[in-house]
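1. Predicted model follows, preceded by the sequence.
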Amino acid sequence: MSQELIQRLTAELETIPLIDPHSHINPHSAASTTLADIMGYHYYTELAHSAGLPKAHIEEPNLDPKEKVARLVPKLAELDNTAQYSWLVEMCQSFFDFQDENVTVDNWESLYDTAAAKMAEPDWEDQVLKKSGLEQVFLTNDFDDPLEGFDTHRYVPCLRTDDLVFHLTKPQTRERFQKATGVEISDAASVVDGIGKLFEHFTKNGARACAISLPPDFSPRQVSDTDANGAIAALVSGDELPADQSESLSCFVFWTLAEKCAEFKLPFDLMIGVNRGVYADGVFQGQDLYDKRTSLINYRALFNAFPQVTFPVSVLAHTSNQELVSYSWIFPNVVTNGHWWYSNIPVYIEHDCRSRLQAVPKTKQIGYYSDMYKLEFGLPKFAMYRRILASALAGDFVIGRGWSESRAAELGQLVLRGNVESIFNVG
Amino acid sequence: MSQELIQRLTAELETIPLIDPHSHINPHSAASTTLADIMGYHYYTELAHSAGLPKAHIEEPNLDPKEKVARLVPKLAELDNTAQYSWLVEMCQSFFDFQDENVTVDNWESLYDTAAAKMAEPDWEDQVLKKSGLEQVFLTNDFDDPLEGFDTHRYVPCLRTDDLVFHLTKPQTRERFQKATGVEISDAASVVDGIGKLFEHFTKNGARACAISLPPDFSPRQVSDTDANGAIAALVSGDELPADQSESLSCFVFWTLAEKCAEFKLPFDLMIGVNRGVYADGVFQGQDLYDKRTSLINYRALFNAFPQVTFPVSVLAHTSNQELVSYSWIFPNVVTNGHWWYSNIPVYIEHDCRSRLQAVPKTKQIGYYSDMYKLEFGLPKFAMYRRILASALAGDFVIGRGWSESRAAELGQLVLRGNVESIFNVG
Amino acid sequence: MSQELIQRLTAELETIPLIDPHSHINPHSAASTTLADIMGYHYYTELAHSAGLPKAHIEEPNLDPKEKVARLVPKLAELDNTAQYSWLVEMCQSFFDFQDENVTVDNWESLYDTAAAKMAEPDWEDQVLKKSGLEQVFLTNDFDDPLEGFDTHRYVPCLRTDDLVFHLTKPQTRERFQKATGVEISDAASVVDGIGKLFEHFTKNGARACAISLPPDFSPRQVSDTDANGAIAALVSGDELPADQSESLSCFVFWTLAEKCAEFKLPFDLMIGVNRGVYADGVFQGQDLYDKRTSLINYRALFNAFPQVTFPVSVLAHTSNQELVSYSWIFPNVVTNGHWWYSNIPVYIEHDCRSRLQAVPKTKQIGYYSDMYKLEFGLPKFAMYRRILASALAGDFVIGRGWSESRAAELGQLVLRGNVESIFNVG
């Protein structure tokens, strides 16, 4: 299909200012200060480690940032084929006047220095946002985050709840919970009460979503107060919970979160399918994988019980995408959300994007989020998605269905931006 | 690849008169009488509901057809991206002289009136068949359908058996069975006897297939008469069957159907993978979804036990397609059948169609069926498939393997029409 | 995308001499002697059988080769659409001066005779290797293969271990084990000892890999000597092992193989996902299928326990490919290996190849192996892969990322050849 058409549509999409509906940005340190912040992203460390760089070389305590980059650079040649590497080069070219095709042992040091100088400019963060076309960026805040000291319009708080659902069995989590809420966990009611206080705190500070990542075998269900009380009593008495009580507690907390999402009118982002710590000796954030044998049928009870809650759903495995399409096509409260992690490479995005555009109401699709830890990644990640989106619009709509380019671009606008506004009530 | 080549192949395929090997047409009322018959198709009601239209607005008792359409039309803008919507526009343009690009609040009423006028023409049904190139259409008949009052050459009966396999536990089903067969269910032999009578009735009236839809976890197996008798005895004594006996009964009936298919030389259409009623508050026919964790390995015993029965298999999940390809490539009695429901959108058809053309003997592929409830849908659905088939023929055969266009078109003919004739013994 | 570009890249890839890292070649009879050796390949017999040719016609005892071909040829017209058939035509055209487009009842006999004459030439084997650009071919040797009487540089031994892991329960296997190793199996230590002797024998004779095919539900784990001793004691006392002891024994042997791979520095090829004998009445080698419900999470313990062993992994189901990509991206010791069996058709290779190139370090990808039983198949199989690889390089790298053609061709070289050398220590 016509490359020119795709380029025109891409250019059209590039004019749309973005709201990034999911990131791991630290709002107190949003942009990078050295290239090590960029190359320390787990995509590079884990790929370099996978290609043979020992973990100890990457994670040596008190490692100087420049030395860290010096150690990573020689491995880049072995992963220069990856999409992730292409982001690196695009960032360097866009932000740091980098003229070369590759980051090599010969050119990295001057690149490092140029980057450091740019990043030291007082308005670097603003420069990055502007160049990236980013207006707002959603965060991933711990439940006990004070949400202070940053602009919550620019950096939109989002209540991340993995710790509550899966780690309330740990004393430290319960201590953090008590500190954050003033509530000591003693029974089911106290958990509900404390979670209510978290929602108050978060929504008062502009939170626009509750979010969680979930393992492949998780299947939410309503748990009776009696069962929840039993599990919590055992827990606070210091017992190690048996697997069934631990599962009950997780489900109880999860269900309570859904109830609070209903009460506080927050969408509940579900990121489905990750097994944590599969590769025990992997680098930081490079240990998680998955079991593709999961199904959205696990969420049947949830989707039925909470028609008033919107669930933006991300799936880790490409093989789960059709279920996501089908469930979003049928359930009013299920919407498709981005292209997550192991599915965030062009070949999978292409198919997943096309299937959603072909079968899910257009108002129920959140096209993309960056998932980034540092602001500079927004630019190449959204650029990758825009090119793919433009190609899908060109092939399936302009050529395939005879749409005008402007109509196709409007569909792109909705998916890229408009739906983020309407679904999360921002913008 | 050359758009002109694809268009030439599409045009070639358009000359082939069709036999539609699976539909839900009511032969006593095959064509639509108003646009509400078309827009009341579950694809539109469920997508509109998914996009926010309350179920009560769609399913209000005694709702006037025109009012129903008036309520649905404003929601169409939110689903104009979908393949299903493109069928609607194509139908309106092909059948009702519709000149616009979209059905909107501004133009729907005159469209409605034009359609009503056309549909009121005495030969409307014939017009639709002719314009659609449809010669014969397979039905989906309840087991107790008298099969009277319609032309069974044009509308080919097909024995649908979901009720027998999965709902014989209901007294009403057994009553219907007794009425239809004259046999009161009292033991295994009576079930076999009655089912034999159904097959006699159906084949005498020109039936060309037995068919059933199956949940993802169904795994057919032979059940001993002793076990079947036990389950049936419990059933007729009024007991609620425990899960294992209920499963035994389902398997017994299913296996008996396969035996009768062998005896009466009927293909047994298996439509594998649907979970019924997942979204309990969904609109009519918009409640079913699936669990992609199913495998054709569940049918191992069946495929081995009945080499003399042809099993045209449809799978609900795109992720099941490769298994279907592989099982059809190995088992002489397994053939690929169409692109079903949630897999009936272009991106999935493209891949599934290509994989079948690349790896299954060409005589063992039933390209497409409409699954339609109203005749008008045959035109846009087959048109969608033909375009995709033409594209696969162009890319993989004419360009990829140097075939002549006429040879590629012959392959298309076989898949679209020839195999339907040979596999179902029609035409 | 430009067909010329793809052709230029294909031509570039064709200049690379190949090492085929997995085949079933018999080094004492590597090339074919008649067309029956080629058309007797299970791809043709099983497809012809699937299309209706009775097994008895194919597998009649003492069937004359020419008669066998005569019986298969008439069925070819029903499978001339398949990729497998296209290999046949390409072989005939490349090796036997065949000028026609198809092998038919009219032209097969002269083709048969021409082929027989060519194959009778004393240097036929060399001719085939030369024309195919094949320098070395890996074998699949039974554990008790003497590895004598052939050039182990040209035909690289590889220790196949299915029998040891899954059939040690059979007395014949234990007898073969004793004969090959001099060790009588009496306890866990004797198994370890004997396996050590096999590794010595194989590595002394130039073996470059240990390999095994595994069923979908296999999940390797370390088994204690106590449990292994218990199972082996029961076994040698003549008991039929219960399922759990049989599984323990398989895991014990498998784990021992991994330990020996570490000790002897051999990569351990894992071919994951095949169910043997699913179609009991299928033709020879045409009985195996699969259950797509498998996951690499089953190999979590193994991949963690043996960081020093390289595991080239093949998956049978296309739906497992993304897991393979993700696990190879994270685990340093997991590498992607070829396109196996039911996934070895263009539509699946295209996607699997692209995803690997986009997300796995380029040094960790073994592009392709032939899996062939007769030498002549290397040519069309590698040719198919090269065309697809060239297309992926053209689309995703030259056009998509602006790479020069020479840089793209270098990536192709690595995947096609370079990585085989480095991962298996050959070339």
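-> Yep, it's here. Residues are numbered from 1 along each chain as shown, chains lettered A, B, ... in the order given.
2. what residues are up against residue A:30?
-> When contacts are counted by CB atoms under 8 Å, 6 or more residues apart in numbering or on different chains, residue A:30 is found next to A:125, A:137, A:155, A:374-375. For every residue, glycine as well, the C-beta is placed using N, CA and C.
3. Just send the residues you listed back as JSON lines, with neighbour count too.
-> Formatted as JSON lines, the contacts of residue A:30 follow (neighbours: other CB atoms under 10 Å in any protein chain shown):
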{"residue": "A:125", "neighbour count": "17"}
{"residue": "A:137", "neighbour count": "24"}
{"residue": "A:155", "neighbour count": "22"}
{"residue": "A:374", "neighbour count": "22"}
{"residue": "A:375", "neighbour count": "25"}
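4. And the residue nearest the centre of chain A, how far from residue C:162?
-> The centroid of chain A falls nearest to residue A:371 when counting by CA atoms, centre = their mean (3.6 Å). To residue C:162, residue A:371 is 42 Å away according to CB to CB, to the nearest Å.
5. And for residue A:279?
-> Distance of residue A:279 to residue C:162, given as CB to CB: 27 Å.
6. Neighbour count: the two, which is higher?
-> Higher neighbour count among residue A:279 and residue C:162: residue A:279, with 23 against 17, using other CB atoms under 10 Å in any protein chain shown.
7. ok, that one - contacts?
-> Residues near residue A:279 by CB under 8 Å, 6+ apart: A:286-289, C:303-304, C:330-331.
8. can you check residue A:207 too?
-> Shown in contact with residue A:207 (CB under 8 Å, 6+ apart): A:141, A:147, A:156-159, A:266.
9. Next, the buried residues of the helix ranked longest in chain A.
-> Counting residues, the longest helix in chain A under DSSP state H turns out to be helix A:243-264. Neighbour-count burial for helix A:243-264 flags A:245-261, A:264 (criterion: 16 or more other CB atoms under 10 Å in any protein chain shown).
10. Now rank the contacts of residue A:207 by neighbours and give me the top one.
-> Highest neighbour count within the contacts of residue A:207, by other CB under 10 Å: residue A:159, with 32 neighbours.
11. Let me know the pLDDT of it.
-> The model reports residue A:159 with a pLDDT of 98.
12. taking the mean pLDDT, what do you get for stretch A:18-38?
-> The pLDDT scores in stretch A:18-38 average 98.
13. Tell me the span between the first and last residue of that stretch.
-> 21 Å (CA to CA, to the nearest Å).
14. what about it, distance to the chain center?
-> Distance of stretch A:18-38 from its chain centroid, counting by CA atoms, centre = their mean, to the nearest Å, is 12 Å.
15. Where does the prediction get shaky in chain A?
-> For chain A, residues meeting the criterion pLDDT under 70 lie at A:1.
16. Show me where it has its strands.
-> A:18-20, A:134-138, A:155-156, A:158-160, A:209-214, A:268-272, A:274-275, A:289-290, A:311-315, A:334-337, A:365-366 (DSSP state E).
17. Other residues contacting the last one?
-> The set of residues that contact strand A:365-366 without belonging to it, under CB under 8 Å, 6+ apart, is A:21, A:312, A:328, A:335-338, A:356-357, A:414-415, A:419-420, A:423.
18. who does that strand pair up with?
-> Within its sheet, and counting by DSSP bridges, strand A:365-366 is paired with strand A:334-337 (parallel).
19. Run through who's touching the strand it pairs with.
-> A:21-22, A:269, A:303, A:310-314, A:324-325, A:327-328, A:356, A:360, A:364-366, A:369, A:419, A:423.
20. Can you show me the CA trace of that strand as CSV?
-> Output of strand A:334-337 as CSV, limited to C-alpha atoms (Å, rounded to 0.1, in the frame of the first residue of the first chain):
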residue,chain,number,x,y,z
VAL,A,334,-14.6,-3.4,29.1
VAL,A,335,-12.3,-1.2,26.9
THR,A,336,-9.1,-2.1,25.1
ASN,A,337,-6.0,-0.5,26.6
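21. so what's the closest residue to residue A:108 other than its chain neighbours up against?
-> Closest residue to residue A:108 apart from its sequence neighbours, by CB to CB, 6 or more residues apart in numbering or on different chains: residue A:73 at 4.5 Å. The neighbourhood of residue A:73, defined by CB under 8 Å, 6+ apart, consists of A:39, A:103-105, A:108.
22. can you give me the helices in the stretch 51-200 of chain A?
-> Counting by DSSP state H, counting those that start in this stretch, the segments of the stretch 51-200 of chain A that form helices are A:55-59, A:65-76, A:83-95, A:108-119, A:124-132, A:162-166, A:171-181, A:188-204.
23. Output the longest one as CSV, restricted to C-alpha atoms.
-> What it means is helix A:188-204. Presented in CSV, the C-alpha positions along helix A:188-204 are these (Å, rounded to 0.1, in the frame of the first residue of the first chain):
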residue,chain,number,x,y,z
ALA,A,188,-12.7,-7.0,56.8
ALA,A,189,-14.4,-3.8,57.8
SER,A,190,-11.1,-2.1,58.6
VAL,A,191,-9.7,-3.1,55.2
VAL,A,192,-12.7,-1.6,53.5
ASP,A,193,-12.5,1.5,55.6
GLY,A,194,-8.8,2.0,55.0
ILE,A,195,-9.2,1.5,51.2
GLY,A,196,-11.9,4.1,51.3
LYS,A,197,-9.5,6.6,52.8
LEU,A,198,-7.0,5.8,50.1
PHE,A,199,-9.6,6.5,47.4
GLU,A,200,-10.5,9.8,49.1
HIS,A,201,-6.9,10.8,49.2
PHE,A,202,-6.2,9.9,45.6
THR,A,203,-9.3,11.4,44.1
LYS,A,204,-8.9,14.6,46.1
